[in-house]
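# Model the structure of this input:
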Amino acid sequence: MQQLRKIIFPVAGLGSRFLPATKATPKEMLPIVDKPLIQYAVEEAIEAGFKDLIFITGKSKRAITDHFDSTLERFSNVDDKKAKLLDEMNQIVPKGVSCIYIRQGEPLGLGHAILQAKPVVGNEPFAVSLADDLIDSEPGVLKQLVEQFNEQQSSIIAVQKVDQSESKKYGMIDSNNLDSDLVKLSNIIEKPDPEFAPSDLGVVGRYIFTNSLMSFLEKTTFGAGHEIQLTDGIKLMLKQESIYAFLFSGKRYDCGSKLGYLMANIDYGLKNKEFGDELRNYIKDLV
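Next comes the predicted model:
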């Protein structure tokens, strides 16, 4: 059994839906209460046992590299609370976990971004995590997927139930058996019109792949938007090996949209032990 150690974070996107906020700040660094989106994704990966964190970056993404560097210094004049916070910041990435940064020269699609990690991934299976999809779950979704991968030794894609009218926002999967939390894919369709959606199961940003995906992505031609689409690589892969979809347990926030981002901040704010009750009372007064 091959152990999962490597995970890819494609973070080279332009974040155009959040301009002007993302003109100089990576969208993955936008905070949910007091932590950036990418940190939630990294913590989820570490919880699941991943040791090699591979960031596919682009221009204006240096803030991500800086965030995960242990560069905050302790000063003698800081109080205990601030000293504890500084120590926590320097332990965002614990010992034994490596951060690897690869520059994607052009934003040529998710499939292209994943391909940039091929020299580092080698012959191992690997995960992919999209920080835009913040998922509140216990255990984390990646840990749930790892358990399924260890049993099946096949690629696993995270899915959630979506309203049929929302199908144009998702890759929608098809299966000969849709009555289980774990189903074998028979097809995947990228952002179909509602009348052509094969099911109510849409793909979200967590994946575990066998290493063969890399060779299929290399064979994938440029598709929509002159990009190498991950969905097209998965379609090729399906012709030769099994891929499963897993209906995970947890609540997903689409933080690539302004509304989803605001909803995540509200929900995570309400859970905050320091000021959650005050925020709840404030919202009650508003409505």
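# can you give me the strands for the stretch 1-150 of the chain?
6-10, 31-32, 35-36, 52-57, 98-103, 126-129, 133-136 (DSSP state E, counting those that start in this stretch).
# Let me know which of the ones you listed is tucked in deepest.
strand 6-10 (a mean of 27; mean count of other C-beta atoms under 10 Å). Yep, even glycine has a C-beta here, placed from its N, CA and C like the rest.
# Tell me what angle that strand forms with strand 52-57.
Between the axes of strand 6-10 and strand 52-57, defined by axes from the mean of the first three to the mean of the last three C-alpha atoms, to 10 degrees, the angle is 20 degrees.
# Which elements pack onto strand 6-10?
helix 37-47, strand 52-57, helix 110-115, helix 118-121, strand 126-129 (3 or more C-beta pairs under 8 Å, 6 or more residues apart in numbering; DSSP states H and E).
# Swap in 6 Å and give it another go.
strand 52-57, helix 110-115, strand 126-129 (3 or more C-beta pairs under 6 Å, 6 or more residues apart in numbering; DSSP states H and E).
# Let's have the ones you listed in TSV, adding distance to residue 227.
Below are these laid out as TSV (distance: least, C-beta to C-beta, whole Å):
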stretch	distance to residue 227
strand 52-57	14
helix 110-115	7
strand 126-129	16
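# quick one: which of the ones you listed is nearest residue 41?
strand 126-129 (5.0 Å; C-beta to C-beta).
# other SSEs contacting the closest one?
strand 6-10, strand 201-209.
# So in this protein, where's the weakest helix or strand by average pLDDT?
Within the chain, no helix or strand scores below helix 80-89, which has a mean of 63 by mean pLDDT, DSSP states H and E.
# Residue ranges of each domain in this protein, please.
Per the record, the chain has its domains at 6-255, 257-287, by automatic domain parsing.
# hmm, who's touching the helix or strand where residue 280 lies?
Using DSSP states H and E, residue 280 falls within helix 276-286. The contact list for helix 276-286, computed with C-beta atoms under 6 Å, 6 or more residues apart in numbering, reads 269, 270.
# Give the buried residues for it.
Residues of helix 276-286 classed as buried by neighbour count (16 or more other C-beta atoms under 10 Å): residue 279.
# centre of the chain versus that helix, how much separation?
Its chain's average C-alpha position is 30 Å from that of helix 276-286, according to C-alpha atoms, centre = their mean, to the nearest Å.
# residues near residue 16, how many?
9 (other C-beta atoms under 10 Å).
# What pLDDT does the model give it?
Listed pLDDT for residue 16 reads 85.
# how many neighbours does the nearest residue in space to it that is not next to it in sequence have?
Using C-beta to C-beta, 6 or more residues apart in numbering and skipping residues adjacent in sequence, the residue nearest residue 16 is residue 22, 7.5 Å away. Around residue 22 there are 18 other residues, counting by other C-beta under 10 Å.
# cool, and residue 258?
Around residue 258 there are 12 residues (other C-beta under 10 Å).
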